[in-house]
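*Asks:* Kindly generate the corresponding structure for this input.
(one chain, ligands or ions: 3)
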Amino acid sequence: MKPTSSKKIQLIASLCFFMLLLISASMTGLAAQENGSGPDAYEDDDSFSQANVIDIGISEVPGSVEPQLHNFHNKGDEDWVKFYGIAKDPAMPYQIEVKNAGANCDAVIELYDSDGTTLIDSRNDYYEGADETLDFACIKEGIYYVKVKNYDPEIFGENTGYELSISCPQGSVTGIGIISGMIYYRSGFRRIPIDSAFIKTSANVSTISVEGVFLMIHPDGTYIITVIAEGYQNYPTSVTVNAGESVTVDIAMIPAGSTTTTTIPCPAEAIYGEHSEETELLRVLRDKVLNGTPEGREMIRLYYEWSPEMVKTIEENKELEDKLKNIIDGILLVINSRLKGE
Ligand SMILES: [Ca+2]
Ligand SMILES: [Ca+2]
Ligand SMILES: [Ca+2]
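*Replies:* Ligands and ions are numbered 1, 2, ... in the order given. Okay, here's the model as predicted:
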């Protein structure tokens, strides 16, 4: 390759990675802005697949968990949350509560099974401005979804605010603390967070990880904590919770079946697939071109630092994925023909 054209390829390669960085970063920023005034902080959450994780409080300790503050900001707004339910004594049901409803909030609570579509139960006993409570005796361990909507979908906007919380009785509680931490797997020196892992303890407290991070309000004492994540081995470990204190438990997961290593795709892999021609070419550009200069290496570093956020943004936005793909396809075509032409 002549020096001039190798420089050009270097520039184009940089541009290619920079595009991925820039577009994803600006999309992430835009998504954050939409959470300003009007919609509550948990939007968009209009379907079970967009449901946010809700922390589970302890019934015997009122105020053990901060309720989530929601409202109905547009016509037919639905607010979805999810939690990991543990089968337990029917006399100790999960209590799903709407409290401090605004004057225009006539809340309806609906509980759905793990598929997000099978209705288990619903509650709408009272009118505008009144609390609602749905008791759920869980007999099957798994993920559950809760939908809250206004009884009249035409009513939205002012005074539709409400507090949503879920709590569960523990029997005897002497004190409570917090268990928090990160569920991840190792890839070289990097910790890769595992999203949507189920975490449960021998006290029947449970939660779901969000981008690896989890938090549980927990009775004090020493317990066994178990993590269930698809594609990984179960991982029981011991944890001691002291009343009024917070304990951090970071848990490294081991991929199930030692022969294959599961990895989260980088944006290029997310768009083109792990073994595609395009991904291979981008890898060659990374290793042979970008890696040859300090600027290029900085770009590689930034690319991988932003990788999880970029993949998430791309996965949530099919249109963005198509646009990115078109741009990169065009760039790769130029690079390919240059590589072959030299
Ligand atoms: Ca809402
Ligand atoms: Ca909503
Ligand atoms: Ca109601």
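*Asks:* and residue 223, that's in a helix?
*Replies:* No - going by DSSP: H, G, I helix; E, B strand; the rest coil, the assignment for residue 223 is strand, not a helix.
*Asks:* what's the neighbour count on it?
*Replies:* Residues lying near residue 223 (other Cβ atoms under 10 Å) number 20. To be clear about C-beta, it is placed using only N, CA and C from the backbone, and glycine gets the same treatment.
*Asks:* how deep is residue 96 tucked in, by neighbour count?
*Replies:* With other Cβ under 10 Å as criterion, residue 96 counts 25.
*Asks:* Now do it, the pLDDT please.
*Replies:* For residue 96, the model assigns a pLDDT of 98.
*Asks:* That one pairs with what?
*Replies:* Beta-bridge partners recorded for residue 96 (DSSP bridges): residue 134, residue 166.
*Asks:* Same question for residue 69.
*Replies:* Counting by DSSP bridges, the residues bridging with residue 69 are residue 163.
*Asks:* cool, and residue 227?
*Replies:* On the basis of DSSP bridges, residue 227 is bridged to residue 199.
*Asks:* what's the answer for residue 248, then?
*Replies:* Beta bridges link residue 248 to residue 180, judged by DSSP bridges.
*Asks:* Isn't it up against residue 180?
*Replies:* Yes - Residue 248 is within contact range of residue 180, at 5.9 Å (criterion: Cβ atoms under 8 Å).
*Asks:* what about the two, which has more around it?
*Replies:* For residue 248 versus residue 180, neighbours defined as other Cβ under 10 Å are more numerous around residue 180 (16 against 10).
*Asks:* who's in contact with residue 198?
*Replies:* When contacts are counted by Cβ atoms under 8 Å, 6 or more residues apart in numbering, residue 198 touches 84, 143, 206, 207, 208, 227, 228, 229.
*Asks:* same thing but at 7 Å, please
*Replies:* 84, 206, 208, 228 (Cβ atoms under 7 Å, 6 or more residues apart in numbering).
*Asks:* Out of those residues, the closest to ligand 1 would be?
*Replies:* The closest of the contacts of residue 198 to ligand 1 turns out to be residue 208 (Cβ to the ion; 19.9 Å).
*Asks:* The closest one - nearest residue in space that isn't next to it in sequence?
*Replies:* Distances taken as Cβ to Cβ, 6 or more residues apart in numbering place residue 53 nearest to residue 208, at 4.7 Å, with adjacent residues excluded.
*Asks:* near ligand 1, which residues of this protein?
*Replies:* The chain comes close to ligand 1 at residues 40, 70, 77, 79, as judged by Cβ under 5 Å from the ion.
*Asks:* How much space separates the second one from ligand 2?
*Replies:* Right, the one you point to is residue 70. Between residue 70 and ligand 2 the computed distance is 7 Å (Cβ to the ion, to the nearest Å).
*Asks:* The closest residue in space to residue 84 that isn't next to it in sequence pairs with what?
*Replies:* Nearest non-adjacent residue to residue 84, counting by Cβ to Cβ, 6+ apart: residue 206, 4.3 Å away. Residue 206 has these beta-bridge partners by DSSP bridges: residue 200.
*Asks:* from here on, count from 316
*Replies:* With 316 as the first residue, the last one maps to residue 521.
*Asks:* so what's residue 415 scoring on pLDDT?
*Replies:* On pLDDT, residue 415 comes in at 96.
*Asks:* Surely it touches residue 478?
*Replies:* Yes - the pair residue 415 and residue 478 qualifies as a contact (Cβ atoms under 7 Å) at a distance of 4.9 Å.
*Asks:* Among these two, which residue is more densely surrounded?
*Replies:* Taking neighbours as other Cβ under 10 Å, residue 415 and residue 478 compare with residue 478 leading, 15 against 12.
*Asks:* Can you name the residues that contact that one?
*Replies:* Neighbouring residues of residue 478 by Cβ under 7 Å, 6+ apart: 382, 384, 414, 415.
*Asks:* export those to a markdown table and tack on secondary structure?
*Replies:* Output for those, formatted as a markdown table (three-state DSSP):
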| residue | secondary structure |
| --- | --- |
| 382 | coil |
| 384 | strand |
| 414 | strand |
| 415 | coil |
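*Asks:* which of those residues count as buried?
*Replies:* Those of the contacts of residue 478 that meet the buried threshold are residue 382, by 16 or more other Cβ atoms under 10 Å.
*Asks:* Of all pairs in the contacts of residue 478, which one is the farthest apart?
*Replies:* Farthest-apart pair in the contacts of residue 478 is 384 and 414; separation 10.6 Å (Cβ to Cβ).
*Asks:* low-scoring stretches of the chain, by residue?
*Replies:* 316-352, 504, 573-580, 656-657 (pLDDT under 70).
*Asks:* for ligand 3, what are the nearby residues on it?
*Replies:* Residues of the chain lying close to ligand 3 by Cβ under 5 Å from the ion are 421, 422, 439, 441.
*Asks:* The second one touches residue 448, doesn't it?
*Replies:* No - with contacts defined as Cβ under 7 Å, residue 422 does not count as touching residue 448, sitting 10.3 Å away.
*Asks:* So these two - more neighbours on which side?
*Replies:* residue 422 (28 against 13).
*Asks:* Report how many residues lie close to the residue nearest to the more buried one when sequence neighbours are not counted.
*Replies:* Counting by Cβ to Cβ, 6+ apart, residue 413 is the residue found nearest to residue 422 once chain neighbours are left out, at 4.2 Å. When neighbours are counted by other Cβ under 10 Å, residue 413 registers 25.
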